[in-house]
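Peer 1: one predicted model, sequence on top.
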Amino acid sequence: MAMPQNNPGRVPVFESVREGFAFIARDWRGIVPLALIGAAALAPLQVWQQTAAARQDMGGVIGASMLAALVNVPLLAAYFRRAASRGEAPLTLRAGADEANLAGATASVAFLGFIVATVGALLVGMALAALLMRSGADASSLENLAPQEAAAALSKALGADGLLVFFTLVTAFAAFLLWLTARLVLAYPATVVEKRMLIFSTWGWTKGHAMAIAACLILVMVAALVLTWIAGQPIGMLIELALGKGTLATAGTPANWLFSFASGFLGNMFYLPAYAATAAYLYRGLRPSA
């Protein structure tokens, strides 16, 4: 079945999201083995990330997240090739120029995001410190509190007005990150399809469409999360029934390993291909004619 051509120069949000999940419906036979391979590679990283989080080891959490992004590169490249070619390219894993270019583009955008996030965190932190000083609270007294206790103490110290200012700043920063993500999302399919690393070359293609693209990305993520949750609930119940209740949440247990593999498979099955197909669909419609 030929993939439909979207209307050039505009972003039909629901049509784009529908095309993302239609890609899964059409090519699920090829997606399943790739999702299994990806899950096998991601499961150890998920366990590592959970173990690091339990120890409050942010270096381990970030390291596991970065490696997981690299694991996803060959899967995304395969999905981009298949979706952008309207089903003509084979749905196979490779280790070639496409994957190297996509890894470079991913790392470049991630580095930019890291810089923006660092600057944003500093600005928000400075604003928070100023709000605490204005309220007369001692910021150092919050350092040794448990997260829930610190949040309650912070809320009390800031008061209603201070909380409103703080959450407005955080929301504005999150909206800016989402806007930046939407402006750069076409860099990934463009890099694979055009056989060279493209990042800011695609910036102009998304001009005027950031809000619609952001809506597409959010809807794909929410729909994939719902599908993953629905499919994951019975799997988790069966694992706990077999290996003991409450063992899923303990990092490193057999139940945790099994569920990490299952959740990795579901994410690779429902989110990655839908995201890639939606991005490829947007790329086909928004790329200027040669």
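Peer 2: That came through, no problem. Quantities reported herein were computed from a predicted structural model and do not represent experimental measurements.
Peer 1: can you report how many residues lie near Leu164?
Peer 2: Using other Cβ atoms under 10 Å, the number of residues around Leu164 comes to 11. All C-beta spots, glycine's among them, are computed from the backbone N, C-alpha and C.
Peer 1: name the SS class of it, please.
Peer 2: helix (DSSP: H, G, I helix; E, B strand; the rest coil).
Peer 1: give me every residue that touches the nearest residue to Thr202 once chain neighbours are set aside.
Peer 2: Sequence neighbours aside, Leu186 is the residue nearest to Thr202 in space, at 4.1 Å (criterion: Cβ to Cβ, 6 or more residues apart in numbering). Contacts for Leu186 (Cβ atoms under 8 Å, 6 or more residues apart in numbering) come out as Thr202, Trp205, Thr206, Ala279, Leu282, Tyr283, Leu286, Arg287.
Peer 1: make it 10 Å
Peer 2: Applying Cβ atoms under 10 Å, 6 or more residues apart in numbering, we find Leu186 in contact with 198-199, 201-203, 205-206, 209, 213, 279-280, 282-287.
Peer 1: narrow those to those in strands?
Peer 2: The members of the contacts of Leu186 all map outside strands under DSSP state E.
Peer 1: now, of the residues you listed, which are buried?
Peer 2: 198-199, 202, 205-206, 209, 213, 279-280, 282-287 (16 or more other Cβ atoms under 10 Å).
Peer 1: closest one of these to Pro12?
Peer 2: Nearest to Pro12 among the buried ones among the contacts of Leu186, counting by Cβ to Cβ, is Gly285 at 8.2 Å.
Peer 1: pretty sure the closest one is in contact with Ala84, am I right?
Peer 2: No - contact criterion Cβ atoms under 10 Å: Gly285 and Ala84 do not qualify, at 11.4 Å.
Peer 1: quick check: closest non-adjacent residue to the spatially most central residue of the chain.
Peer 2: Nearest residue to the geometric centre of the chain (Cα atoms, centre = their mean): Met221, 7.9 Å. In space, and not counting its chain neighbours, Met221 is closest to Tyr271: 6.9 Å by Cβ to Cβ, 6+ apart.
Peer 1: next up, the contacts around Ala68.
Peer 2: By Cβ under 10 Å, 6+ apart, Ala68 lies in contact with Gly38, Ala41, Leu42, Leu45, Gln46, Trp48, Gln49, Gly264, Gly267.
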